[in-house]
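> need coordinates for the following:
(one chain, ligands or ions: 2)
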Amino acid sequence: MDETVLLVGGGGREHAIARSLADSEASLYACAGNRNPGIARLAEGFGTLETTNPTAVRSYAEEVDATLAIVGPEAPLAAGVADALDDAGVYAFGPQEAEARIETDKAFQRRFMQQHDIPGCPDFETFDDMEAACEYIDEYDGDLAVKPAGLTGGKGVRVIGDQVTAEEAKEYIRESDYDRIVLEERLVGEEFTVQAFVANGQLRVTPAVQDHKRAYEGDEGPNTGGMGSYSDATLALPFMTEDEYMDAVDVLRETVTSLEGYKGVLYGQFMLTVDGVKVVEFNARFGDPEAMNTLPVMQTELLDVLVAAREDDSLPKLTFGRQATVCKYAVPDGYPTDPEGGARVEIDEDSAGEALLFYASVDERDDGIYTTTSRSFAVVGVAESVTDAEEIAEDALAAAGESGLRVRHDIGTPDLVQQRIDHMAELRGE
Ligand code: AMP
Ligand code: GLY
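Numbering: from 1, shown residues only. Ligands and ions are numbered 1, 2, ... in the order given. Presented below is the predicted three-dimensional model:
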């Protein structure tokens, strides 16, 4: 049967998904709030619509006769877009609203881990009463992370002893307007991501990736959605062992067993600590930027995974090229706190050289490409080593004309990777 796939979302992650589907025997349609020029070029049709409006997405899916859908970002999942597509008979690879709570409600996420005895859960408490939360901070012996229960685009967490003092954390809690927060033990170590395709009670995992959340070089500045990321030619990363990677996979496997009926990508954000692998959070979708590391080296056809998921078949075993990747994002000046959107940018694709170029939250209009207030485009180097991949990414940036955009040039450099290795060695007392 010829498939018609609807891709929901218009960021860098979705451009990577579109690229993976473009070579398959499928017609691709996409919809997003911004017209992503990279996706638009690969797709047979592009609907500019509000992707958090389930009726609008469903109507577009019906208009293009979609047989399958893949939902990239979390906001449409939280809004029930997968439910609406499933109801219309268009299988959505992405969890329904209730299952997406594993990401969209951090209080639910932690209680779920506790109830099902999922390994790697930090000490935590949830609070509806913000004064009670402040008292807990005063009484707790150790540092805590303050986490709003709802979605904040990765920007709502404040870690005491890292980004803020206990006093600043309490001020943050009192001044913000959150209904519910989670306070949890501060985890110390190195973060990494493992993403898995999940359907029919099965999971298929992908290589580990390390994202860089902080806005500026040297891990300074506020948290962002992710400034760039790297993966190695093996399943694990240079600062961890293969066994530690497998511990993370075990956490994902136990989570899938307890999450009955989950379909879509399950993304585990982990902290490798001296006490083992701990869960920072789960997401109900591919990571952005992590999808741009993972999908270009995945040799198994993405379409085959989606079709098997829909058909209730066994998911195909995944194979990956033994290649490292480095992804660097170019973002508007001032991102994430005070981004300057609406500027026209010149992005010279031809000069990306050997690197892959993924458009992100930019908008293509009649007279050119405009930035929004989120990340603009990413380049990805793919090579035998992280160092080589980093050089490819840098060469592409030098040529791509940064047009007032900002990049963390340190991502994937030998220095920064070595700092990660040294950090873990130091924590382990080596
Ligand atoms: P999240 O929105 O849960 O991904 O959190 C954003 C970032 O905050 C994570 O990537 C971590 O860097 C940091 N973070 C979250 N929870 C903790 C924790 N318990 N301990 C230390 N850092 C944390
Ligand atoms: N890179 C972090 C995320 O996608 O949530």
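
> and stretch 186-197, is it in reach of ligand 1?
Yes. Stretch 186-197 lies within reach of ligand 1 by C-beta under 6 Å from any ligand atom, at 186-187, 191. In short, each C-beta sits where N, CA and C put it, glycine included.

> around ligand 1, which positions in this protein sit nearby?
Counting by C-beta under 6 Å from any ligand atom, the chain sits next to ligand 1 at 122, 145, 147, 154, 157, 159, 184-187, 191, 213, 223, 269, 280-281.

> re the thing from before, among the residues of stretch 186-197 next to ligand 1, which ones are in strands?
The strands, defined by DSSP state E, take in E191 from the residues of stretch 186-197 next to ligand 1.

> buried ones among the residues of stretch 186-197 next to ligand 1?
186-187, 191 (16 or more other C-beta atoms under 10 Å).

> including pLDDT and distance to ligand 2, could those residues go into CSV?
Output for these, formatted as CSV (pLDDT from 0 to 100; distance: C-beta to the nearest ligand atom, whole Å):
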residue, pLDDT, distance to ligand 2
R186, 97, 19
L187, 97, 16
E191, 97, 10
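
> and of those residues, the nearest to Y60?
Among those, E191 lies closest to Y60 (C-beta to C-beta), at 36.1 Å.

> ok, the closest one touching M271?
Yes. Applying C-beta atoms under 8 Å as the test, E191 and M271 come out as touching, 5.5 Å apart.

> so which residue of this structure lies furthest out from the middle?
E139 (34.0 Å; C-alpha atoms, centre = their mean).

> reformat the buried ones among the residues of stretch 186-197 next to ligand 1 as CSV; add distance to A133.
Listed next are those as CSV, based on distance: C-beta to C-beta, whole Å:
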residue, distance to A133
R186, 15
L187, 19
E191, 24
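
> which one of those residues sits closest to E3?
Distance to E3 across those (C-beta to C-beta) is lowest for E191, with 35.8 Å.

> need phi/psi at Y230.
phi -140, psi 160 (degrees, to the nearest 10).

> ugh, typo on my part, it should be E3
As for E3, its main-chain torsions (degrees, to the nearest 10) stand at phi -100, psi 150.

> and it, how many neighbours does it have?
Applying other C-beta atoms under 10 Å, we find 17 residues neighbouring E3.

> local confidence estimate at the closest residue to it other than its chain neighbours?
Spatial nearest neighbour of E3, chain neighbours left out: A26 (4.2 Å); criterion: C-beta to C-beta, 6 or more residues apart in numbering. pLDDT for A26: 95.

> so which residues of the stretch 201-350 of the chain form strands?
202-205, 210-211, 214-216, 220-223, 228-231, 264-273, 276-283, 324-332, 344-345 (DSSP state E, counting those that start in this stretch).

> elements contacting the second one?
To tie it back to what came earlier, the one meant is strand 210-211. strand 190-199, strand 228-231 (3 or more C-beta pairs under 8 Å, 6 or more residues apart in numbering; DSSP states H and E).

> so where's the stretch 51-200 of the chain shaky on pLDDT?
Across the stretch 51-200 of the chain, residues meeting the criterion (pLDDT under 70) sit at 154.

> where do the helices sit along it?
Assigned by DSSP state H, counting those that start in this stretch, the helices in the stretch 51-200 of the chain fall at 54-63, 74-78, 81-87, 101-104, 106-115, 130-139, 166-175.

> could you dump those into a markdown table with distance to V307 added?
Formatted as a markdown table, the helices of the stretch 51-200 of the chain follow (distance: least, C-beta to C-beta, whole Å):
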| stretch | distance to V307 |
| --- | --- |
| helix 54-63 | 16 |
| helix 74-78 | 21 |
| helix 81-87 | 16 |
| helix 101-104 | 24 |
| helix 106-115 | 29 |
| helix 130-139 | 46 |
| helix 166-175 | 46 |
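
> tell me the most packed of the residues of the chain next to ligand 1, by neighbour count.
Neighbour counts for the residues of the chain next to ligand 1 (other C-beta under 10 Å) peak at K147, which has 25 neighbours.
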